[in-house]
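K.L.:
Below are the sequence and a predicted model for it; my questions follow.
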Amino acid sequence: MRQKTRTVTPLEFGIFVQGYVGRRAETDPLAEHKALMEETEYVIQADRSGFKYAWATEHHFLEQYSHLSASDVYLGYLAHATERIHLGAGIFNPLAPVNHPVKLAEKAAMLDHLSGGRFEFGTGRGAGSHEILGFLPGITDMDHTRELWEETIAEFPKMWLQDEYEGFQGKHWSLPPRKVLPKPYGKSHPAMWYAAGSPSSYAMAGRKGLGVLGFSVQKVSDMAWALESYRTAVRDAEPVGGYVNDNVMVTTTAICAETHDEAVRVAATGGLNYLQSLVFRYHDTFPRPEGIPAWPELIPEYTPEVIELLIAEELLICGDPDEVLTQCRRWEDAGADQLVFGLPAGIPYEATMNTVKLIGERVIPAIDTDPVHRTTRFRNAADG
C-alpha cells in the first residue's frame with residue numbers, strides 16, 4: 001500500500017501525562033498518589049475541553065521524573081472516564097525483555113475495545129540507559145535496542161489482523177501459531193506511531209508508514225528538518241500495518257492564564273528548571289545543549305526574564321489566550337499535525353486546570369474545526 005497524496009486536516013491538540021512527582025516528594029509522603037490522580041483529572045478535563053488526544057508514558061525506575069509505569073492500567077481507567085479523547089501509548093515499549101510482544105498486542109486490542117476504538121499505539125526504543133538497560137542484563141549499548149524493535153514492530157498488525165497469527169521465530173522472542181485475542185475493535189487496527197529523535201529515525205518511521213511522536217522537536221524552527229526527513233519518506237511508505245498514519249506530533253509545555261503577566265508568574269514559580277534537569281538526567285540519548293549541567297547540579301531557576309526569553313525563542317507556549325493562539329498557529333504553519341502540551345506537576349493544580357480550560361475555550365475552537373480525529377480518518381479508509 002502506498003500513499004500518493006497527503007491528507008490535510010487542521011492542527012489537532014493533546015496533552016501528555018507521565019506521573020511527574022518532582023520535588024514535592026521530598027516533603028509530601030502522598031506526592032506520588034496526588035500526581036497520578038491530578039494528571040487523571042487533567043485528562044478528563046481535556047476530554048471535556050475539546051482536546052483530541054491524551055498520551056501517557058511508560059517509564060520505569062525514574063525517581064521523581066515519571067512514576068507512570070503501568071500505563072495500560074492507567075489508560076484502561078481513562079477509557080471508562082472519558083468519552084471522545086483518543087488515548088495514546090506514548091509509549092508502550094515493545095522490546096521483548098521489557099514487554100512480551102504478544103502480551104502488548106493483547107493489551108492494545110483490549111484498550112481499543114474498552115475505549116470504543118480510541119486507542120493509539122505508540123512505540124519506541126526508550127530514551128535512557130538507566131531505564132532500558134535495567135531490563136537488558138549484560139548489555140551496555142543502547143544501539144542494541146534498535147535490533148529488538150526492528151525485529152518486532154511488523155508483527156503487531158499480523159497478530160491483530162490474522163485470524164490465526166502465523167507465529168514468529170526470531171532472535172529475541174518466538175511464538176508458535178496461535179489465535180491472538182481479542183482482535184481490535186472495528187475496522188483494521190489502532191493507529192501506529194514511533195517515538196523518533198534523529199532525522200534518520202523520522203525517515204525510518206515514514207518509510208514504515210508510522211506516525212511520529214516528536215518528543216525531540218523543541219522549537220518551531222525544528223519542524224524544518226523533522227518534516228523534510230519524514231514527509232519525503234512517508235510519500236512512498238510501505239506500511240508495516242494496514243494503512244499509513246501520516247502524522248507528525250510535537251510536544252511542548254503550555255501555560256495559559258487570563259493575562260500575560262499571570263502566565264509568566266505561574267511559569268516562573270512552577271519548577272520548570274527542575275523538570276528539565278530531570279529530563280537530561282535520565283534521557284541520556286538526547287543531545288545535551290551547551291551549558292546544561294550534569295546531575296545532580298541543576299539548571300538555574302527560571303526568572304520571569306528567562307520565561308520571556310523561552311517564549312521569544314519558541315521553547316515555551318505561555319501567555320493569555322490570544323497569545324497562546326498566536327503561538328499555536330506558528331506550529332500549524334510550520335506543518336505540525338498534532339500539538340501536545342506537557343503539564344508538569346510543579347505547576348499548581350488550579351493553574352494547570354485553568355490552562356486546559358482556557359485552551360479548550362479560546363484556542364482549540366479557533367484552529368481545530370474538524371470533529372473527526374485525523375487517525376480515525378486514516379483507519380476508516382484502510383482496506384478490509
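P.N.:
Cool, got the structure.
K.L.:
So in this structure, which helix runs the longest?
P.N.:
With secondary structure taken from DSSP state H, the chain has its longest helix at helix 31-48.
K.L.:
Let me know the next secondary structure element after that helix.
P.N.:
Following helix 31-48 in sequence order, the next helix or strand is strand 53-56 (DSSP states H and E).
K.L.:
what lines up beside that next one in the sheet?
P.N.:
Within its sheet, strand 53-56 is paired with strand 12-17 (parallel), strand 86-89 (parallel), according to DSSP bridges.
K.L.:
what about dumping the CA coordinates of the first one to PDB?
P.N.:
Output in PDB follows, covering the C-alpha atoms of strand 12-17 (Å, rounded to 0.1, in the frame of the first residue of the first chain):
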ATOM      1  CA  GLU A  12      -5.000  18.900  16.500                       C
ATOM      2  CA  PHE A  13      -4.300  19.200  20.200                       C
ATOM      3  CA  GLY A  14      -3.400  16.800  23.000                       C
ATOM      4  CA  ILE A  15      -1.900  16.600  26.500                       C
ATOM      5  CA  PHE A  16       0.900  14.500  27.800                       C
ATOM      6  CA  VAL A  17       1.000  12.900  31.300                       C
END
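K.L.:
hey, which strand is longest across this structure?
P.N.:
strand 248-256 (DSSP state E).
K.L.:
so what strands line up beside that one?
P.N.:
strand 211-214 (parallel), strand 317-319 (parallel), strand 338-342 (parallel).
K.L.:
tell me the mean pLDDT for it?
P.N.:
In this model, strand 248-256 has an average pLDDT of 97.
K.L.:
Kindly report the same for stretch 369-384.
P.N.:
Averaging pLDDT along stretch 369-384 gives 94.
K.L.:
how deep is residue 21 tucked in, by neighbour count?
P.N.:
25 (other Cβ atoms under 10 Å). In this view, the C-beta of every residue, glycine as well, is placed from N, C-alpha and C.
K.L.:
quick one on the thing from earlier: please identify the deepest-packed of the strands paired with strand 248-256.
P.N.:
Most buried of the strands paired with strand 248-256 by mean neighbour count (mean count of other Cβ atoms under 10 Å) is strand 211-214; its value is a mean of 30.
K.L.:
what's the next helix or strand after that one in contact with?
P.N.:
Scanning forward in sequence from strand 211-214 by DSSP H and E, the next helix or strand is helix 223-234. Applying Cβ atoms under 8 Å, 6 or more residues apart in numbering, the contact partners of helix 223-234 are 3, 6, 199-200, 202-207, 209, 212, 214, 217, 244, 246, 248, 250, 331, 334-336.
K.L.:
For the stretch 251-384 of the chain, which segments are assigned as helices?
P.N.:
According to DSSP state H, counting those that start in this stretch, the stretch 251-384 of the chain carries its helices in the segments 260-268, 272-282, 304-312, 321-334, 349-358, 364-367, 374-380.
K.L.:
hang on, the earlier thing: closest one to residue 377 among the strands paired with strand 53-56?
P.N.:
Among these, the nearest to residue 377 by Cβ to Cβ is strand 12-17 (11.1 Å).
K.L.:
residues making contact with that closest one?
P.N.:
Identification of contacts with strand 12-17 by Cβ under 8 Å, 6+ apart yields 39-40, 42-43, 46, 50-57, 68, 86, 88, 90, 249, 251, 328, 337-343, 356, 359, 363-364, 367-368, 370, 373-374.
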